[in-house]
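K.L.:
build me a model:
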Amino acid sequence: MEDLGVVKYALGIRITQNKENISLIQDKFIQQILTEFSTNQIRLPSAPLPCNYKELKISGDNIADPPPFNYRRAVGLLQYIVQCTQPDLAFATSFLSQFLEDPKDFNYKSITHTLKYLSGARNFTLSLGEYF
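P.N.:
Sure thing, here's the model as predicted:
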C-alpha cells in the first residue's frame with residue numbers, strides 16, 4: 001500500500017483540514033446540480049421552502065405536464081447534500097420527498113425554490129471542530 005497523502009476531494013466533497021478542524025464543502029457538486037436544473041438565479045430566497053408550503057400542499061392539484069425536470073432525481077441529489085454538508089435542508093428535503101410518487105405543479109415550484117436557496121447556500125461549510 002502507498003500513502004497518497006491527505007485527502008482533499010472525495011465523492012463531491014472538498015475537504016480542508018488543519019490542526020483544529022476539518023471543513024467539508026460541496027460547492028462544485030452543488031454548482032453542477034444547479035446547472036443541470038437551470039436554477040442559477042440572481043434573487044435568492046432566504047428559506048429552503050416557500051412560506052406558504054402548507055397551503056400549497058392542500059390546494060395543489062394541477063399535474064405538471066410535461067414535467068419540467070426529473071423530480072425524483074432532484075430530491076435524491078438534495079438528500080445526498082443533506083447527508084453530507086447541508087443539514088439546514090433536512091426538513092425541506094423530507095417534505096419534498098413525500099411527493100415522489102406523483103409530483104404536482106406546486107411540488108415543482110417548491111423544489112425550484114429549494115434549489116434557488118441552495119444556490120445562495122452553496123458555499124456553506126460544515127466544520128468539524130477539535131472534538132471530532
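K.L.:
got the buried residues for the longest helix anywhere in the chain?
P.N.:
Secondary structure of the chain read by DSSP state H shows that its longest helix is helix 105-121. Buried residues in helix 105-121, counted by 16 or more other Cβ atoms under 10 Å: 105-119, 121. Where C-beta positions appear, they are placed from N, C-alpha and C, glycine not excepted.
K.L.:
looking at those residues, spot the one nearest residue 90.
P.N.:
residue 114 (11.5 Å; Cβ to Cβ).
K.L.:
quick one, strands of the protein?
P.N.:
With DSSP state E, the ranges of strands along the chain come out as 9-10, 13-17, 22-25, 126-128.
K.L.:
identify the farthest-apart pair in the buried residues of helix 105-121.
P.N.:
Longest span within the buried residues of helix 105-121, Cβ to Cβ: 105 and 121, 24.8 Å.
K.L.:
can you tell me which residue is spatially central in this structure?
P.N.:
Ranked by distance to the mean C-alpha position of the chain (Cα atoms, centre = their mean), the top residue is residue 78 at 3.7 Å.
K.L.:
so who does that one touch?
P.N.:
For residue 78, the contacting residues are 89, 92, 93, 96, 111, 114, 115, 118, by Cβ atoms under 8 Å, 6 or more residues apart in numbering.
K.L.:
give me the number of residues near the closest residue in space to residue 29 that isn't next to it in sequence?
P.N.:
Leaving aside its chain neighbours, residue 29 sits nearest to residue 12 (3.5 Å; criterion: Cβ to Cβ, 6 or more residues apart in numbering). Neighbourhood size, residue 12 [other Cβ atoms under 10 Å]: 17.
K.L.:
no further questions, thank you.
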